[in-house]
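Trainee: mind looking at a prediction? Sequence and model below.
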Amino acid sequence: MTSTMEHVAYLSKHIGPRGSTTDAEREAAEYAARVFREAGLEPHVEPFISATSAWRPFAIATGGMLLMFPIFFLGGRWIATAGLFLLVLCTVMELTFTPNPLRWLVPKGRSQNVYAILSPVGPVRQRVILCGHLDTHRTPWAFSSLRALAIYRTLVTLGLPGAVGIGALFLTGAITGNPTWGLPALLPGLLLTAVFAMAIQADFTPYTHGANDNATGAGMVLALAERIRREPLQHTEVWALCTGCEEVGAYGAAAFVRGHADLGQPIFIVLDTLGGPGSGPCYLAQETMLLPLRSDPKLLALADRIARSHPEFGAYRWSNFRGAYTDGAPAIRAGWRVLTFVNLRPDGVLPHWHQPSDVYENVDPEVVARTEAFVWRLLQEMDRTVWES
Ligand SMILES: [Zn+2]
């Protein structure tokens, strides 16, 4: 029996940075498999192909849009207009985790999910998947400080309407045959240049040690699996799942959801970034990259009830995690019943998020312990009431 913090130490210090599709990420998956095996569980390893960068699709999209400017001014006004709208469409698809041509152009690599199944004492009446990702993000300028993050979020929010504006101006220029319509488009063009620069810069930065994001979540999946093995639930089959490639677009969770469509609508509990000082336990009502993806209302109500009746956990609900996604996104899109834990501080900050300071020493074991106690309580309550959909 290993504690969550011991798993965090192994993942973040012994293995260290675990970039999506890297050897270190695979080593983390092998570690998870070993933990399952030593607990007497059978590890299942499922390989999949993933993009290697979260940023590259947007670098290609914004770079392509910028390329439409010289084409427009050199006379290819219809080509520039069509190219621009096509790239906007691809961006929208990428932001909603829908396969699109940008993904054909992005470098790919191999990754893997690892899971083990924990049977209950009695007959199986429901299935709960506990999910934590093993990979770690890079340390881009966009995440380097709260101010940088605010600038990045503003630019990204304005980027898409800005691109649509450029398209509209190009279209007017193409219809009227008047290239001066392209001039006001240069202003939103500056916005895209900034986004392009940030996306390119990101891929030149090193990976984080990912102690908080997400050795805490993956470590908690492993520790909970070991505990459930010793203290099994009554009617709930639990799948302990460590995914790969969350940080580049939740490819691991998407592969898992696709590969296990036969599970119906299981309960999917996401554990991500659970040890920031002064945070959590915090569960999301909604996450919004482009479209709002909502947690399951019944699971939310149960979490609210536990938070109210156990004030010692200090748990709270977060209404909307904006401009970000978790492994919950593909599961919600598939109609699974999802509840996601991301320990945002009450002021909305995710401590050390995608920064070089996301190291073991900056994880608060007390926050991890309270979050784990809350998730354990949640599992017990779910096991008592059977949660058929
Ligand atoms: Zn994460």
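Mentor: Looks like it came in fine. Residues are numbered from 1 along each chain as shown.
Trainee: for the stretch 1-150 of the chain, which segments count as strands?
Mentor: 44-51, 108-118, 126-133 (DSSP state E, counting those that start in this stretch).
Trainee: which one of those strands lies nearest to the ion?
Mentor: With Cβ to the ion as the measure, strand 126-133 is the member of the strands of the stretch 1-150 of the chain nearest the ion (5.6 Å). Bear in mind the C-beta positions are built from the backbone N, C-alpha and C, glycine included.
Trainee: packing partners for the closest one?
Mentor: Under the contact criterion of 3 or more Cβ pairs under 8 Å, 6 or more residues apart in numbering; DSSP states H and E, strand 126-133 touches helix 217-230, strand 236-243, helix 251-259, strand 267-272, helix 365-384.
Trainee: ok, 6 Å please
Mentor: With contacts taken as 3 or more Cβ pairs under 6 Å, 6 or more residues apart in numbering; DSSP states H and E, strand 126-133 sits against helix 217-230, strand 236-243, strand 267-272.
Trainee: can I see the domain layout of this structure?
Mentor: Listed domain ranges for the chain are 4-53+108-139+207-384, 56-104+143-202 (source: automatic domain parsing).
Trainee: need the winner for burial among those domains.
Mentor: Comparing the domains of the chain by mean neighbour count (mean count of other Cβ atoms under 10 Å), domain 4-53+108-139+207-384 ranks first with a mean of 21.
Trainee: what does the stretch 101-250 of the chain have sitting close to the ion?
Mentor: Within the stretch 101-250 of the chain, the positions near the ion by Cβ under 5 Å from the ion are D213, N214.
Trainee: what ranges in this structure fall below the confidence cut-off?
Mentor: Within the chain, the stretches with pLDDT under 70 are 1, 386-389.
Trainee: any chance of TSV for the strands of the stretch 1-150 of the chain, columns distance to Y325?
Mentor: Below are the strands of the stretch 1-150 of the chain laid out as TSV (distance: least, Cβ to Cβ, whole Å):
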stretch	distance to Y325
strand 44-51	14
strand 108-118	17
strand 126-133	11
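Trainee: if we can go back for a sec, okay, the helices and strands packed on strand 126-133 in a markdown table with distance to A211 next?
Mentor: Shown next, in a markdown table, are the helices and strands packed on strand 126-133 (distance: least, Cβ to Cβ, whole Å):
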| stretch | distance to A211 |
| --- | --- |
| helix 217-230 | 9 |
| strand 236-243 | 16 |
| strand 267-272 | 13 |
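Trainee: nearest to R56, of those?
Mentor: strand 236-243 (20.0 Å; Cβ to Cβ).
Trainee: given the closest one, what are its sheet partners and their directions?
Mentor: For strand 236-243, the paired strands and their directions (DSSP bridges) are strand 108-118 (antiparallel), strand 126-133 (parallel).
Trainee: next helix or strand past the longest helix along the chain?
Mentor: Longest helix in the chain by number of residues (criterion: DSSP state H): helix 146-176. Per DSSP states H and E, the first helix or strand lying C-terminal to helix 146-176 is helix 186-202.
Trainee: okay, angle between that following helix and helix 146-176 too, please.
Mentor: Angle of helix 186-202 versus helix 146-176, following axes from the mean of the first three to the mean of the last three Cα atoms, to 10 degrees, is 130 degrees.
Trainee: what packs against helix 186-202?
Mentor: Counting contacts by 3+ Cβ pairs under 6 Å, 6+ apart, helix 186-202 packs against helix 56-73, helix 146-176.
Trainee: residues in contact with the first one?
Mentor: For helix 56-73, the surrounding residues in contact (Cβ atoms under 6 Å, 6 or more residues apart in numbering) are 79-80, 83-84, 87, 91, 94, 102, 105-106, 163, 170, 182, 192, 195-196, 199-200.
Trainee: can you redo the helices and strands packed on helix 186-202 as JSON lines with distance to I269?
Mentor: Converted to JSON lines, the helices and strands packed on helix 186-202 look like this (distance: least, Cβ to Cβ, whole Å):
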{"stretch": "helix 56-73", "distance to I269": "28"}
{"stretch": "helix 146-176", "distance to I269": "27"}
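Trainee: V375 is nearest to which of those helices?
Mentor: With distances scored as Cβ to Cβ, the stretch of these nearest to V375 is helix 146-176 (27.4 Å).
Trainee: residue boundaries of the strands in the stretch 251-389 of the chain?
Mentor: Under DSSP E, counting those that start in this stretch, the stretch 251-389 of the chain gives strands at 267-272, 282-284, 286-288, 292-294, 316-318, 321-322, 337-342.
Trainee: now distance to T139 too, for those strands, in CSV please.
Mentor: CSV is the format used below for the strands of the stretch 251-389 of the chain (distance: least, Cβ to Cβ, whole Å):
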stretch, distance to T139
strand 267-272, 18
strand 282-284, 23
strand 286-288, 22
strand 292-294, 26
strand 316-318, 24
strand 321-322, 20
strand 337-342, 19
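Trainee: relative to helix 56-73, how tilted is the longest helix of the chain?
Mentor: Using the same axes, to 10 degrees, the inter-axis angle of helix 146-176 relative to helix 56-73 is 40 degrees.
Trainee: what's helix 146-176 packed up against?
Mentor: Counting contacts by 3+ Cβ pairs under 6 Å, 6+ apart, helix 146-176 is packed against helix 77-95, helix 186-202.
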